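1. Here is my input; please provide its structure:
(chains A, B and C)
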Amino acid sequence: MKTVGYILQRLLYGAVIVIAVLVLNFLLLRLAPGDIADTLAVQAGGATQEQITEIRRSLGLDRGVAVQLAAYLGQMLKGNMGTSLYYNQPVLQLIQDRIPATLALVITALLLAIFVGTLLGVSAARNPRGWISNLVTVLSLVGFSAPVFWSGIMMLIAFAYWIPLFPASGMYDVGAPATGFMAFAQILHHLVLPAVSLMLVYLAQYSRQARASMLDVLGADYVRTARAKGLAERVVIYKHALKNALIPVVTLAGLQFSQALAGAVLVETVFNWPGLGRLALDAVLNRDFPLLLGILFVSAVLVVIVNIITDFSYRLLDPRIRSAG
Amino acid sequence: MNSGWRLFVANKGSVGGALVLCAIMLAALVGPFVYDVLPFDMVSAPMTPPGAELPLGSDYLGRDVLAGILHGARVTLAIGIAATLCTVFIGLTIGAVAGFYGKWVDTLLMRVTEFFQVLPPILLAMVLVGVFGPSITTIILVIGAVSWPSIARLTRAEFLRIKEREYVLAGRAIGAGNLRIMLRIILPNALPPLIVSAALTVGVAILFESGLSFIGLGDPDVISWGYMIGNSRDKMFDSWWAVMFPGLAIFLTVLSLSLIGDGLNDAFNPKLRAR
Amino acid sequence: MDDTPVPLLQISDLSVEFPTSAGVAHVLDRISFTLGDGETLGIVGESGCGKSMTALAILRLVPSPGHIAGGEIRLRGEDLLAASEERIRDVRGNAISMIFQEPMTALNPVFTIGQQITETIRRHQAKSAAEARAAALELLRAVEIPEPQSRIDQYPHQLSGGMRQRAMIAMALACQPGILIADEPTTALDVTTQAQIFDLMRELRAKFGTAIILITHNMGAIAELADRVMVMYAGRKVEEGSVAEVLARPGHPYTQGLLECVLHVEEEMPDERETLAEIPGMVPALTGIGRGCVFAPRCSFVMRHCREESPSLFVVGEAHTAACWLAVEGPDRPEENSR
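-> Presented below is the predicted three-dimensional model:
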């Protein structure tokens, strides 16, 4: 019963955040330079004053602010995010087309980072003076300090130019099959460099966190008890110790998704990866605010969803949280 | 403070970092006077590789890369520090108020903080720069507006912790007002982790600024390292030096800041030093 | 007369060393003792005297950088120090089990106590999940945890301190070990719960016939539960004998000091002290022990011989030994005593 209450509470809370983002969007939209009606008029090649007034009326710009806000909220929540000024298509459609590419990139990078990072961290904790531990230290410094777009470019130069192993840009080869296994394999081939560039940043943090929490846990009494029961070392480490050590790592993962989306913007630019990040960049350069704000909104929703998911993973891992409610 | 200083010096990494940072700051201050080339001037054939004439080569427009790095150092460091001051100011204020007053003030401010943490930083920055235009001032304020949550949380945690200490009660007993207590009593004791965090924040601000300049949202009249990388991106295969060296500069600067941050951490918390 | 039966557990000259920045610390210095079937041996001494380390050494769980530096550990004649990793893991939790002082940290917080008990059972015995769970339930009943059917699926933090310790005992007895090592099992519990746990241990001992090594600094616990007692100081054994013998006629000044610390205030003190008895001085650093008796710096009966030569164990009564020159020489005349 407590769990149901908790789920409802989190969903409600997420909804509040989403609405807050929309309000922010609305404010920014009004702050944006240039009157929308004027902009539209210019794009249409000029308009009379009457036509401009008509556009204003149809956009609801002649009514009071509160009404506009309500109308805006209503529209956005129904999925109508307006029309892109530049592409002249519904914003929602544009975003929908690009989401899979971004999600593929970000989720791959984060999962890889967590998986490899945890393995490295566990090894490093078991041999605190070994080379893996030193690697983790170096990695965490490099991963934090190297700008993600720069490491992306370095990887491009190294692995797409000097040693041409991977394609230099885009998600598809020109003239490649659109469906089937070959299409999938080819996307994967294009995915490698961008995903690895993005992963490096987070790999640094996860391996460092995993090492620290594993070191903590390995010194714990219950690990000694597990050994005293005659359990194999592998069981002691990967069952008893790891489950406890993962708790801070999962917490970290929850906080990362928002940052990872930001990193994706840069990586997508470097690799010409057709995702939301590239779209956002185009939108900003084209002063296409409906599109830009639509992307901001969708990103926020994604982050809220991921946060709820990691919250639950956290509760699954640690029964003490469940009891506390 | 002596023992702290000794601990800092004992950490070879942080000493190295401090040295590198000093070198960079020196280059920023003095470099442009010593190396008398302007970064936007076209001084040689486009895409000349590094050599005797141009130590770091030239980009696709024939502009000197080394000049760009030296001039860009000033901009990058200045923006990094200014943005950090902005971030710390906002974050400290919000965190202190939340931690000190507690209850509904705390809850409200924490909700606001979480709200800001939901929005991907670069996206929000892009939107704000799009709305307000790409000038140095805007960039500094935007970075500040986006990066304050972690400092706020840290400050809040420290204030919550210190609030219950005896010397705070003693302060109240002699009739000190809230503001005075916050500023004169709690804040000085909360400084150590904040200083460490500030060092790292400068690094984050530099990364942020270079990211924005890279995608073309920086101030176009000013040369910065991110700007250089973004500019030469299309010609990266033929003039890799034009993208590698500015990136290396960013990397070294942020690296030295992290090492210094680590060293400061050790100096302030000898007990927590995990080896 | 037949050959004497092979004792259940025989420790000979066991030594454990820890390298430290100040030199090698001799945490255990040639400890020898025997444990028979169904016997309860108490090991008593101050913190740091090496009693816990003895227990860990038996199971080869000495934490690095410490290591076993010499001696023999024989389980029914089998050399445990020469055994393979595989073999010693079969012994742990099975032939020899151990329970620890602080049950909250000794139990894994993210698994239910049922899971932790069945895990032990299934590690050492070929039982199905259902059989193991039924066995676990029986064990919980045996240790008198109320409502075992609901408790079995609870997590350690949902149980009280006393129940957690009972759960640990259940886990340790899961495979009916011949030897149970209890390292300060009640120190973290309140006095009432302590008494309950001792009662429980007595019952279980009668029921399962388990031999117990009870490690404690609490002489009262020894008096309650143990048949024989071994006194340790600074990593060495200084006295051993039956509980009745040692408590009535302590053969070593240190043991005497320990007993005086717990004697009732009503009993007449030799010189009518009114303050709490204590043994003056501190346990010496384990790196720099000189050539005399290790207790000499704190001993009220110290003689010149004590400072020059370390006494070996002398017989002072029936199956009762003590490492003290007083046993063979008698006290010096008062003028010869030096401090």
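
2. For whichever residue of the stretch 101-250 of chain C sits closest to chain B, identify the helix or strand it belongs to.
-> Using CB to the nearest CB, the point where the stretch 101-250 of chain C gets nearest to chain B is C:Thr105, with a distance of 19.5 Å. In this view, the C-beta of every residue, glycine as well, is placed from N, C-alpha and C. In the assignment (DSSP states H and E), C:Thr105 maps to helix C:103-106.

3. and residue 191, how many neighbours does it have?
-> Using chain A. By the measure other CB atoms under 10 Å in any protein chain shown, the count of residues near A:Leu191 is 20.

4. actually chain C
-> For C:Val191, the tally of surrounding residues (other CB under 10 Å) stands at 8.

5. returning to what we had before: give me the buried positions along the helix holding C:Thr105.
-> Along helix C:103-106, the positions that meet the burial threshold by neighbour count (16 or more other CB atoms under 10 Å in any protein chain shown) are C:Pro103, C:Thr105, C:Ala106.

6. Kindly report the same for stretch B:166-185.
-> Neighbour-count burial for stretch B:166-185, with 16+ other CB under 10 Å as criterion, is recorded at B:Val168, B:Gly171, B:Ala176, B:Ile181, B:Met182, B:Ile185.

7. Between those residues, which sits nearest chain A?
-> B:Met182 (27.7 Å).

8. packing partners for the helix or strand harbouring B:Ala157?
-> Assigned by DSSP H and E, B:Ala157 belongs to helix B:136-163. Of the remaining helices and strands, those touching helix B:136-163 by 3 or more CB pairs under 8 Å, 6 or more residues apart in numbering or on different chains; DSSP states H and E are helix B:65-101, helix B:103-118, helix B:121-132, helix B:187-214.

9. please redo it, this time with the cut-off set to 10 Å
-> When contacts are defined as 3 or more CB pairs under 10 Å, 6 or more residues apart in numbering or on different chains; DSSP states H and E, helix B:136-163 packs onto helix B:65-101, helix B:103-118, helix B:121-132, helix B:166-173, helix B:187-214.

10. burial of residue 222, as a residue count?
-> Since no chain was named, I'll use chain A. Neighbours of A:Tyr222 (other CB under 10 Å): 24.

11. Let me rephrase: I mean chain B.
-> 19.

12. Quick check: B:Gly263 touching B:Leu21?
-> No. B:Gly263 is not in contact with B:Leu21 according to CB atoms under 10 Å; the separation is 11.3 Å.

13. which residues are common contacts for the two?
-> With contacts defined as CB atoms under 10 Å, 6 or more residues apart in numbering or on different chains, the residues adjacent to both B:Gly263 and B:Leu21 are B:Ala199.

14. For the chain, which residues score under the pLDDT cut-off?
-> Picked chain A for this. Along chain A, segments meeting pLDDT under 70 span A:1-3, A:32-65, A:81, A:172-179, A:322-325.

15. Sorry, I should have been clearer: chain B.
-> B:1-4, B:6-7, B:10, B:269-275.

16. Can you name the residue of it nearest chain A?
-> Shortest chain B-to-chain A distance, computed as CB to the nearest CB: residue-wise this is B:Gly247, at 3.4 Å.

17. hang on, that residue packs against B:Met228?
-> Yes. Taking contact to mean CB under 10 Å, the distance of 8.8 Å between B:Gly247 and B:Met228 places them in contact.

18. overlap in contacts of these two?
-> Shared between the contact lists of B:Gly247 and B:Met228 (criterion: CB under 10 Å, 6+ apart) are residues B:Ser210, B:Phe214.

19. who's more crowded, those two?
-> In this comparison of B:Gly247 against B:Met228, neighbours counted by other CB under 10 Å, the higher total goes to B:Met228 at 28 against 22.

20. Which strand or helix spans that one?
-> When elements are defined using DSSP H and E, B:Met228 is found to belong to helix B:225-231.

21. ok, the residue nearest to the residue of chain B closest to chain A when sequence neighbours are not counted - contacts?
-> Spatial nearest neighbour of B:Gly247, excluding adjacent residues (CB to CB, 6 or more residues apart in numbering or on different chains): A:Trp150 at 3.4 Å. With contacts defined as CB under 10 Å, 6+ apart, A:Trp150 is in contact with A:197, A:266, A:270, B:207, B:210-211, B:214, B:225-226, B:229, B:243-244, B:246-251.

22. Can you flag the buried ones in these?
-> Among those, those scoring as buried are A:197, A:266, A:270, B:207, B:210-211, B:214, B:225-226, B:229, B:243-244, B:246-251 (criterion: 16+ other CB under 10 Å).

23. Could you list every helix and strand in contact with the helix or strand just after the helix holding B:Met228?
-> Past helix B:225-231, further along toward the C-terminus, the next helix or strand under DSSP H and E is helix B:240-268. Where contact means 3+ CB pairs under 10 Å, 6+ apart, helix B:240-268 is packed against helix A:131-145, helix A:148-156, helix B:2-10, helix B:12-34, helix B:65-101, helix B:187-214, helix B:225-231.

24. Highest mean neighbour count out of these?
-> Ranked by mean neighbour count, those are led by helix B:225-231 with a mean of 27 (mean count of other CB atoms under 10 Å in any protein chain shown).

25. which residues in the stretch 151-300 of chain C form helices?
-> Taking DSSP state H, counting those that start in this stretch to define them, one finds helices in the stretch 151-300 of chain C at C:161-173, C:191-208, C:219-225, C:243-248, C:253-262.

26. Just name the most buried of those.
-> Per residue and on average, the most neighbours among those fall to helix C:161-173, with a mean of 24 (mean count of other CB under 10 Å).

27. Can you check what angle separates it from helix C:191-208?
-> Angle, helix C:161-173 to helix C:191-208, by axes from the mean of the first three to the mean of the last three CA atoms, to 10 degrees: 20 degrees.

28. does any bit of helix C:161-173 sit next to chain A?
-> Yes. Applying CB under 10 Å from any CB of the partner chain, one finds that helix C:161-173 is in contact with chain A at C:Met168, C:Met171, C:Ala172.

29. Please state the mean pLDDT value computed over that helix.
-> The predicted model gives helix C:161-173 an average pLDDT of 89.

30. Return the list of helices and strands in contact with it.
-> Judged by 3+ CB pairs under 10 Å, 6+ apart, helix C:161-173 is in contact with helix A:221-228, strand C:96-99, helix C:103-106, helix C:113-124, helix C:129-142, helix C:148-151, strand C:179-183, helix C:191-208.

31. quick check, the third one touching chain A?
-> This means helix C:103-106. Yes. When contact is scored as CB under 10 Å from any CB, part of helix C:103-106 falls within range of chain A: C:Pro103, C:Met104, C:Thr105, C:Ala106.

32. Now the stretch 1-150 of chain A against chain C: closest residue?
-> Of the stretch 1-150 of chain A, the residue with the smallest distance to chain C, taken as CB to the nearest CB, is A:Pro128 at 11.3 Å.

33. Distance of the residue lying closest to that residue once chain neighbours are set aside relative to A:Arg126?
-> Counting by CB to CB, 6+ apart, the nearest residue to A:Pro128 once its immediate chain neighbours are dropped is A:Leu215, at 6.8 Å. As for A:Leu215, its distance to A:Arg126 is 9 Å (criterion: CB to CB, to the nearest Å).

34. export stretch C:144-154 as CSV, just CAs?
-> Coordinates of the C-alpha atoms in stretch C:144-154 are reproduced here as CSV (Å, rounded to 0.1, in the frame of the first residue of the first chain):
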residue,chain,number,x,y,z
GLU,C,144,12.9,-18.8,19.9
ILE,C,145,12.2,-16.0,17.6
PRO,C,146,8.5,-15.2,17.9
GLU,C,147,6.3,-15.5,14.7
PRO,C,148,9.0,-17.1,12.6
GLN,C,149,6.8,-17.3,9.5
SER,C,150,6.7,-13.6,9.2
ARG,C,151,10.1,-12.9,10.5
ILE,C,152,11.8,-15.1,8.0
ASP,C,153,11.0,-12.6,5.2
GLN,C,154,12.0,-9.5,7.2
